[in-house]
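> I would like to see how this sequence folds:
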Amino acid sequence: MQTGHAHLFIPGPTNVPEAVRQAMNVPMQDMRAPDFGALTLGLFADLKAVFRTTSGSVMIYPGSGSAAWEAAITNTLNPGDKVLMSRFGQFSTLWVEMAERLGLDVEVIDVPWGEGVPQAEYARRLAADVADEIKAVFVTHNETATGVTANVAAVRRALDESFHDALLFVDGVSSVASIDFRMDDWGVDLAVTGSQKGLMLPAGLGILAVSEKALQASKTATMRRAYFEFSDMLRMNADGYFPYTPPTQLLHGLRKSLDRIQAEGLDNVIARHRRLAEGVRRGIAAWGLGLVAEHPSLYSDTVSAVRTPEHIDAREVLRIAYEDYNTSFGSGLGLLAGKAFRIGHLGDLNEGMCLAALGIAEMALSRAGCDLQLGSGVGAAQEWYAHGAQFEPQAALAAA
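Numbering: from 1, shown residues only. Reported below is the predicted structural model:
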């Protein structure tokens with residue numbers, strides 16, 4: 001029998017704050033009522049601030065981030081269009097598979113898992129595409145499987161320097177509302193996220209931010225879509241409604257989540273994630289273990305993928321943590337199965353929670369046969385949190 005509460009240190013779904021959970025505990029209501037827009041119109045406006053766009057539009061689809069992926073593709077591209085993508089982890093691989101299934105001509109750059117978006121190769125191929133055959137460039141901002149964050153701004157520079165007109169798609173599922181993301185500044189045309197990561201909600205909302213350029217493309221795109229039709233969404237959203245039944249309870253939770261982000265301040269949210277992630281990384285280094293991400297410039301502030309020694313099966317570490325310590329860490333996906341496990345450090349998170357994650361991971365690693373000093377990772381993170389990181393009080397959240 002397990003006592004206490006379960007610990008969730010996966011990179012999504014993340015922990016739901018109690019205030020957000022309570023906000024979703026509301027009776028069913030009429031989604032066609034004249035006052036429904038009082039709830040929803042503010043959500044669209046405040047999500048634009050999270051994406052850091054003033055000129056773009058935001059749409060909320062019942063579904064996951066993958067649903068928003070499909071909406072982005074089907075509304076703006078045509079069957080047979082050439083697109084430039086890269087594979088360097090499980091989720092960038094899945095995005096390629098979706099594009100191929102939807103009938104796009106995918107030009108894929110394969111990169112070793114642990115590296116980031118091949119921005120120099122993107123630049124070379126875009127410069128060589130003098131006929132503008134490439135209609136879209138896809139960037140996974142934060143590859144959740146490997147703990148790697150890409151430089152989206154560098155890809156935008158590559159597009160601009162080659163005077164290329166391709167649309168820029170960004171998967172921000174595990175970055176938006178946690179890692180610095182700037183839709184307007186980086187010239188992003190379609191940005192995707194989901195409710196279950198930095199927005200601290202259950203899964204169920206696929207959220208898509210769309211530039212004016214992408215909206216214009218949607219007016220002539222010929223790919224088949226029905227449920228995901230932009231024009232239907234925008235027409236109904238203008239007054240706060242949806243073309244189909246929305247998950248109203250999740251929308252109430254989203255309202256509270258956005259209130260919390262506003263109370264803390266988006267810049268402070270991003271700084272907190274950076275501070276907490278650095279403590280986790282210092283703890284991992286103190287164990288003598290490395291990350292899948294190959295260079296510090298690629299380190300993700302929302303998830304760390306930890307390589308286990310060759311004689312240690314990461315799946316055994318996960319089993320011990322789950323069965324004996326009531327704790328979930330992220331599994332190694334795809335090529336990393338059995339070779340790595342992931343510590344998610346995003347959303348509603350603080351120093352004590354990160355220390356708990358490190359302490360439990362140490363015990364599980366030790367039980368699995370890893371030669372490490374118990375307390376070493378926790379101590380390294382404590383040193384960082386107590387003396388190396390600037391303390392920033394979070395008193396504003398008490399009222400959120």
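> Report the secondary structure state of the closest residue in space to residue 377 that isn't next to it in sequence.
Once flanking residues are discounted, residue 377 sits nearest to residue 283: 3.4 Å by C-beta to C-beta, 6 or more residues apart in numbering. C-betas here are computed from N, CA, C, even on glycine. Under DSSP: H, G, I helix; E, B strand; the rest coil, residue 283 falls in the helix class.
> Surely residue 283 is in contact with residue 381?
Yes - with contact defined as C-beta atoms under 8 Å, residue 283 reaches residue 381; the gap is 4.2 Å.
> ranges for the helices of the stretch 251-400 of the chain?
In the stretch 251-400 of the chain, the segments counted as helices under DSSP state H, counting those that start in this stretch are 266-286, 314-325, 351-367, 376-383.
> Double-check residue 207 against residue 47; I have them as touching.
Yes - Residue 207 is within contact range of residue 47, at 6.4 Å (criterion: C-beta under 8 Å).
> anything in contact with each of the two?
58, 60 (C-beta atoms under 8 Å, 6 or more residues apart in numbering).
> for residue 356, what are its contacts?
Contacts of residue 356 (C-beta under 8 Å, 6+ apart): residue 7.
> quick one: it and residue 291, what's the gap?
20 Å (C-beta to C-beta, to the nearest Å).
> again, but for residue 205
30 Å.
> residue contacts, residue 347?
With C-beta under 8 Å, 6+ apart, residue 347 has these contacts: 12, 14, 15, 178, 197, 198, 199, 200.
> Out of these, who's the most crowded?
Of all those, the most densely surrounded is residue 178 (32 neighbours; neighbours counted as other C-beta atoms under 10 Å).
> Where does the prediction get shaky in this structure?
Where the chain drops to pLDDT under 70, the residues are 390-400.
> contacting residues around the spatially most central residue of it?
The residue lying closest to the centre of the chain (C-alpha atoms, centre = their mean) is residue 174, at 1.1 Å. Taking C-beta under 8 Å, 6+ apart, we find residue 174 in contact with 11, 12, 142, 144, 197, 198, 300, 302, 303, 346.
> can you rerun that using 10 Å?
11-12, 14, 65, 91, 140-145, 147, 149, 193-194, 196-198, 300, 302-303, 344, 346-347 (C-beta atoms under 10 Å, 6 or more residues apart in numbering).
> can you check residue 4 too?
residue 326.
> coming back round to it: more neighbours, residue 205 and residue 291?
Higher neighbour count among residue 205 and residue 291: residue 205, with 26 against 22, using other C-beta under 10 Å.
> quick one on the thing from earlier: so which of the contacts of residue 174 are in strands?
Judged by DSSP state E, the contacts of residue 174 include 140, 142, 143, 149, 193, 194, 303, 344 as members of strands.
> which residues do residue 283 and residue 381 both contact?
354, 355, 357, 358, 359.
> Which members of those residues are the farthest-apart pair?
354 and 359 (9.7 Å; C-beta to C-beta).
> list the residues that contact both of those two?
283, 378, 381.
> Take the residues you listed and write them to TSV, including neighbour count and distance to residue 328.
Listed next are these as TSV, based on neighbours: other C-beta atoms under 10 Å; distance: C-beta to C-beta, whole Å:
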residue	neighbour count	distance to residue 328
283	29	18
378	21	19
381	27	19
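> which among these gets closest to residue 41?
Closest to residue 41 out of those is residue 381 (42.0 Å), distances taken as C-beta to C-beta.
> That closest one reaches residue 304, doesn't it?
No - when contacts are counted by C-beta atoms under 10 Å, residue 381 is not listed as touching residue 304 (11.6 Å).
> Which neighbours do these two have in common?
280, 281, 283, 284, 357.
> right, and residue 249 touches residue 39 too?
No - with contact defined as C-beta under 10 Å, residue 249 does not count as touching residue 39 (11.1 Å).
> Now do the shared contacts for those two.
residue 29.
> buried set for the helix or strand where residue 99 lies?
Element membership of residue 99 [criterion: DSSP states H and E] is helix 90-101. Across helix 90-101, burial judged by 16 or more other C-beta atoms under 10 Å covers 90, 91, 92, 93, 94, 95, 96, 99.
> and those as TSV, adding distance to residue 80?
Compiled in TSV, these are given as follows (distance: C-beta to C-beta, whole Å):
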residue	distance to residue 80
90	27
91	25
92	22
93	22
94	21
95	18
96	16
99	12
